[in-house]
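Visitor: Return atomic coordinates for the entry below.
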Amino acid sequence: MPQIDIQVLEGVFDADDKERIIMSVIRAFGDAAGEKMFENTSCRIHEVQSGAWGFADQVFTTEVGLSIKNDKT
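Guide: Now for the predicted structure:
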């Protein structure tokens with residue numbers, strides 16, 4: 001029923017990260033929408049090629065994504 005699509009840069013998240021993200025998003029949606037929606041929600045992660053995504057005045061690369069992911073500030 002509900003389908004959630006997430007787009008991330010390739011190489012930023014490993015398989016464990018992606019599993020954690022998928023399950024957390026499905027749980028959060030179920031918390032907001034109800035148990036029946038939780039039971040029928042699918043989620044998938046699409047990896048966008050490094051350099052094929054931009055925002056404002058920056059083109060995102062895997063290195064930029066990793067820098068954002070690892071920023072502890």
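Visitor: Would you mark the buried spots in stretch 48-65?
Guide: 50, 53, 60, 61, 62, 64, 65 (16 or more other Cβ atoms under 10 Å). Any C-beta I mention is one placed from the backbone N, CA and C, and that applies to glycine too.
Visitor: could you say what helices and strands the longest helix seen in the chain packs with?
Guide: Across the chain, the longest stretch assigned as helix under DSSP state H is helix 15-33. Contacts defined by 3 or more Cβ pairs under 8 Å, 6 or more residues apart in numbering; DSSP states H and E place helix 15-33 against strand 3-9, helix 35-39, strand 42-48.
Visitor: Repeat the analysis, applying 6 Å as the threshold.
Guide: Applying 3 or more Cβ pairs under 6 Å, 6 or more residues apart in numbering; DSSP states H and E, we find helix 15-33 packed against strand 42-48.
Visitor: Buried residues in the strand it packs on, which are they?
Guide: Buried, per 16+ other Cβ under 10 Å, within strand 42-48: 43, 45.
Visitor: who touches residue 1 in this structure?
Guide: residue 40 (Cβ atoms under 6 Å, 6 or more residues apart in numbering).
Visitor: Sorry, slip of the keys, the one I care about is residue 71.
Guide: By Cβ under 6 Å, 6+ apart, residue 71 has no neighbours at all.
Visitor: Flag the shaky bits of this structure, pLDDT-wise.
Guide: Judged against pLDDT under 70, the chain has no low-scoring part.
Visitor: still on that earlier bit, and the longest helix of the chain, C-alpha only, in PDB?
Guide: Provided in PDB are the C-alpha atoms of helix 15-33 (Å, rounded to 0.1, in the frame of the first residue of the first chain):
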ATOM      1  CA  ALA A  15      24.100  -2.500   3.800                       C
ATOM      2  CA  ASP A  16      23.600  -2.300   7.600                       C
ATOM      3  CA  ASP A  17      22.900   1.400   7.400                       C
ATOM      4  CA  LYS A  18      20.400   0.900   4.700                       C
ATOM      5  CA  GLU A  19      18.600  -1.800   6.600                       C
ATOM      6  CA  ARG A  20      18.400   0.400   9.700                       C
ATOM      7  CA  ILE A  21      17.100   3.300   7.700                       C
ATOM      8  CA  ILE A  22      14.400   1.300   6.000                       C
ATOM      9  CA  MET A  23      13.200  -0.300   9.200                       C
ATOM     10  CA  SER A  24      13.200   3.000  11.100                       C
ATOM     11  CA  VAL A  25      11.300   4.800   8.400                       C
ATOM     12  CA  ILE A  26       8.700   2.000   8.100                       C
ATOM     13  CA  ARG A  27       8.300   2.000  11.900                       C
ATOM     14  CA  ALA A  28       8.000   5.800  12.100                       C
ATOM     15  CA  PHE A  29       5.300   5.800   9.300                       C
ATOM     16  CA  GLY A  30       3.400   3.000  11.200                       C
ATOM     17  CA  ASP A  31       3.600   5.000  14.400                       C
ATOM     18  CA  ALA A  32       2.000   8.000  12.600                       C
ATOM     19  CA  ALA A  33      -0.400   6.100  10.300                       C
END
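Visitor: That's all I had, so thanks and see you.
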